[in-house]
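# all I have is the shape, not the residue letters:
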């Protein structure tokens, strides 16, 4: 499978004091660069969705595309622009604030998508009542662009609501820490330094 990786960094970063989360230093390196380094070996090529500090993101070594929807419309707007510029049959998205993402994320999502003949595969952690879906960690067919564009133009913004009518493969990952988001300055400062970035 030929897959393009998309780093979603188009938010306002309001929970981190309205700063650009992906560019915040994490262990001496912009957090987005940690994510790109983990994602790049899993895909054919990578790109970034960002709506501010475009030159700083471009300096990380990947093409950068801002939303075509106005007013920071959320991760689906980033996914839309990623699909618009995707030159492979599949696109996988990850957020810029999850530097511990699994090294087998794309492989496992791809296996499930093919095995279940699904439109989209999404990562899931936990069990029973504690099950948590991680919708921005998803692999999807680029042919979904018209469906997504129509949803956005009709005012839709919720990722789970968008893919509800699609055939979705849920892929369970045992390591919940791999999907940890760093959303605030406190989390950035107190993030467990014992968590390896190379596992």
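Here it is on my side, so go on. The shown structure was predicted, so the numbers you read here are calculated from the model rather than taken from an experiment.
# quick one: stretch 28-47 to chain centroid distance?
11 Å (C-alpha atoms, centre = their mean, to the nearest Å).
# any buried residues in it, and which?
30-39, 42-43, 46-47 (16 or more other C-beta atoms under 10 Å). The way it works is simple: take the backbone N, C-alpha and C, and place the C-beta from them, glycine included.
# any chance of JSON lines for the residues you listed, columns secondary structure and pLDDT?
Shown next, in JSON lines, are the buried residues of stretch 28-47 (DSSP: H, G, I helix; E, B strand; the rest coil; pLDDT from 0 to 100):
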{"residue": "30", "secondary structure": "strand", "pLDDT": "94"}
{"residue": "31", "secondary structure": "helix", "pLDDT": "94"}
{"residue": "32", "secondary structure": "helix", "pLDDT": "96"}
{"residue": "33", "secondary structure": "helix", "pLDDT": "96"}
{"residue": "34", "secondary structure": "helix", "pLDDT": "95"}
{"residue": "35", "secondary structure": "helix", "pLDDT": "97"}
{"residue": "36", "secondary structure": "helix", "pLDDT": "97"}
{"residue": "37", "secondary structure": "helix", "pLDDT": "96"}
{"residue": "38", "secondary structure": "helix", "pLDDT": "97"}
{"residue": "39", "secondary structure": "helix", "pLDDT": "98"}
{"residue": "42", "secondary structure": "helix", "pLDDT": "98"}
{"residue": "43", "secondary structure": "coil", "pLDDT": "98"}
{"residue": "46", "secondary structure": "strand", "pLDDT": "98"}
{"residue": "47", "secondary structure": "strand", "pLDDT": "98"}
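# I'd like those as a markdown table, with distance to residue 111 appended.
As requested, these are exported to a markdown table (distance: C-beta to C-beta, whole Å):
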| residue | distance to residue 111 |
| --- | --- |
| 30 | 31 |
| 31 | 28 |
| 32 | 27 |
| 33 | 28 |
| 34 | 25 |
| 35 | 22 |
| 36 | 23 |
| 37 | 23 |
| 38 | 19 |
| 39 | 17 |
| 42 | 13 |
| 43 | 15 |
| 46 | 20 |
| 47 | 23 |
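# low-scoring stretches of the protein, by residue?
Residues of the chain meeting the criterion pLDDT under 70: 12-18, 183-199.
# which residues in it form helices?
31-39, 54-58, 75-85, 105-115, 145-153, 159-163, 185-190 (DSSP state H).
# got TSV for the ones you listed, with distance to residue 131 too?
Formatted as TSV, the helices of the chain follow (distance: least, C-beta to C-beta, whole Å):
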stretch	distance to residue 131
helix 31-39	24
helix 54-58	33
helix 75-85	20
helix 105-115	16
helix 145-153	25
helix 159-163	13
helix 185-190	23
